[in-house]
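fold the following.
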Amino acid sequence: MADMSVAKGDIKRGSDARMLISASVLHFINDLHPTLLPTFLPEIERRLSLSLGEAGFLSALFGVLNIVVQPFAGHIADRLNRPVLAIFAPLLTAGGAYLLPIAPSYGVALLIVSMIGFGTASFHPQAHGLTGIAGGRGNLGSYLAVFSAAGLLGAALSPLYGVFLLKTLGASLMPLAIFPVLAVALAAKRGLPKRFVDADRQTQERAGGGDSAAGGGTSRGFLRVFMVCLPLILISIIRDSTSQGIRVFLPLLVTGRGGSIELGGSLLFAFSVSGAVSSLMGGRMADLFGKKRVILAVLALSPLLLFPALLTRSASSAVLFVLGGACLSATSSVTLAMAQELVPESRSTASSLVMGLSWGIANAVAFPIGKLGDAIGLERALCVVSLLPLLAVAGILFGDVRKRLRRAS
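Okay, here's the model as predicted:
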């Protein structure tokens, strides 16, 4: 307990910025690698002769693992006082990504995708929780925005990074890239405390008789967090399903229209990097104009940009894709901050639900999107996907109307 108190004191005296930097670097490393899947997907599809449904199932498996693993990893992370998942899980993610291009069969590719999914699902809950602890109540939104932007930047650079690896190392030597990743992860480890304490969780434990989040037991505590965060979870699922559905199939759409894999990777890079920038802007806009207003505005705007982007093939199409992706990502740090504010004693669990569960479901949705693409064409299927944010807008407005009616009665 003495060691834990020292660690807590260190955090309060100024190691919070070091924690943010280290967690953000690890987030960048981790999220640099899962997005290699859609970048390599055209090559994997060609080499293994996959249908769109089979290609989509690779992403769906990744999503299912996030659905299953992240909530458990978050629940465990809320009870750990060592940052083991945040440090070592990105190495598992990266290792799987570097093995993916040399998968000799579809079955082996599924196993490798499982490795990537388990790694990234184990990383995010604890890393989000550490960032929340570092930011505290005063800097929560801005810290989470920086952390989120680092991951989005990694995902944005991933297509270019993947093409670079294929052109320089080739598929056979790509596993050697794990060594630089290992060096960076060990360097980032120095900025994290060996032990840490979440003061909000300690307060809740003392008030509730020892069970954090709880209200009387592990399962009830988890269910309470889930129910409190449910509206944010649903918004995040719709947002991430739209963003990830387009991200996964965008390279296939480009190559299907006669473009090169390099062109597809470049457009995917622009789509993703706009999200990294808008995530930072979204947090600031939420502070100025209110979280709900920002979420409503950007989710309503995104279909107006993405739908025409899919119907046109000129240079304006790329611009609309970039702006539409920016609108979707602008809400990520906002919904995460709202969730941690609702249940500050269970930061990792809340993060695993609002970010991890939604992202996992979004990846799982890639399978029915692929099947729909097989049936009606990929372009039309993605047009349907681009309209999904309107469901979240309608849900928010319906919830507001219900509240007003209850007050009036």
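
can you map out the helices along the stretch 201-350 of the chain?
Using DSSP state H, counting those that start in this stretch, the helices of the stretch 201-350 of the chain run over 218-256, 261-289, 291-311, 315-329, 332-342, 347-351.

what's the angle from the first one to helix 261-289?
I take that to be helix 218-256. Calculated by axes from the mean of the first three to the mean of the last three CA atoms, to 10 degrees, helix 218-256 forms an angle of 130 degrees with helix 261-289.

quick one: contacts of stretch 296-303?
Applying CB atoms under 8 Å, 6 or more residues apart in numbering, the contact partners of stretch 296-303 are 235, 238-239, 242, 282, 324, 327-328, 330-331, 386-390, 392-393, 396-397. (Each C-beta comes from the backbone N, C-alpha and C, glycine too.)

repeat for stretch 271-281
35, 145-146, 148-150, 152-153, 155-159, 243, 246-247, 250, 321-323, 325-330, 332-333.

repeat for stretch 361-369
Here stretch 361-369 makes contact (CB under 8 Å, 6+ apart) with 53, 56-57, 59-60, 62-64, 66-67, 237, 240-241, 243-245, 248-249, 381-382, 385.

same thing with stretch 162-182?
29, 35-36, 39-40, 43, 90-91, 94-95, 98-99, 101-102, 261-262, 265.

burial of the nearest residue to residue 370 once chain neighbours are set aside, as a residue count?
Using CB to CB, 6 or more residues apart in numbering and skipping the chain neighbours, the partner closest in space to residue 370 is residue 56 (2.5 Å). For residue 56, the tally of surrounding residues (other CB atoms under 10 Å) stands at 29.

pLDDT score for residue 56?
pLDDT, residue 56: 76.

give me the distance between residue 392 and residue 327.
Distance from residue 392 to residue 327, counting by CB to CB, to the nearest Å: 12 Å.

between those two, which one's more packed in?
More crowded of residue 392 and residue 327, by other CB under 10 Å: residue 327, with 26 against 23.

quick one: buried ones out of the contacts of stretch 361-369?
Taking 16 or more other CB atoms under 10 Å as the criterion, what is buried in those is 53, 56-57, 59-60, 62-64, 66-67, 237, 240-241, 243-245, 248-249, 381-382, 385.

quick one, what contacts residue 378?
Contacts of residue 378 by CB under 8 Å, 6+ apart are 52, 249, 252, 253, 256.

need the residues you listed in CSV (columns: pLDDT).
Formatted as CSV, the contacts of residue 378 follow (pLDDT from 0 to 100):
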residue, pLDDT
52, 75
249, 83
252, 80
253, 81
256, 78
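
same list (the residues you listed) but as a markdown table, adding distance to residue 82.
Shown next, in a markdown table, are those (distance: CB to CB, whole Å):
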| residue | distance to residue 82 |
| --- | --- |
| 52 | 43 |
| 249 | 39 |
| 252 | 41 |
| 253 | 44 |
| 256 | 47 |
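
ok, which pair from these is furthest apart?
52 and 253 (10.8 Å; CB to CB).
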